[in-house]
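Asker: Let's see this in three dimensions:
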Amino acid sequence: MLQTEFEFTLPKGYLDTDGNVHRIGMMRLAKAIDEIVPLRDPRVKSNPAYATVLILSRVVTRLGALEEVNSAIIENLYACDLDFLIKFYRQINELE
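Answerer: Have a look, this model is predicted:
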């Protein structure tokens, strides 16, 4: 059976407004649409690097006790955690 979701642990973790740190999460395999839809977003048109944020917000399905993972959460990750997720994405989707 094909594994489509993978657990990860962020190096630092996302610090929410209540001071809670969320480190353990799940990422699903990306579909073509996950890389296509962000290209239509005006934020990507003005800054192509923003596509990474939108793609990760689509494929990270869980992060700690957060109810949802959206682009604002990905934007507020520490740089080492963003780098970790980018590498993890490439690894599970066999892009390396």
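Asker: Contact partners for residue 30?
Answerer: Contacts here follow Cβ atoms under 8 Å, 6 or more residues apart in numbering; on that basis residue 30 touches 55, 58, 59, 89, 93. Backbone N, C-alpha and C define where each C-beta goes, glycine included.
Asker: and those, which two are the farthest apart?
Answerer: 58 and 93 (12.5 Å; Cβ to Cβ).
Asker: if you count what's nearby, which of these two comes out ahead?
Answerer: residue 58 (20 against 17; other Cβ atoms under 10 Å).
Asker: just how off-centre is the helix or strand hosting that one within its chain?
Answerer: Here residue 58 sits within helix 50-59, counting by DSSP states H and E. Taking Cα atoms, centre = their mean, to the nearest Å, the mean C-alpha location of helix 50-59 is offset from the chain mean by 6 Å.
Asker: packing partners for it?
Answerer: helix 32-36, helix 42-46, helix 71-75, helix 79-92 (3 or more Cβ pairs under 8 Å, 6 or more residues apart in numbering; DSSP states H and E).
Asker: Sort out which residues of the following helix or strand past that helix are buried, please.
Answerer: From helix 50-59 onward toward the C-terminus, using DSSP H and E, the following helix or strand is strand 60-63. Going by neighbour count (16 or more other Cβ atoms under 10 Å), the buried part of strand 60-63 is 60, 62, 63.
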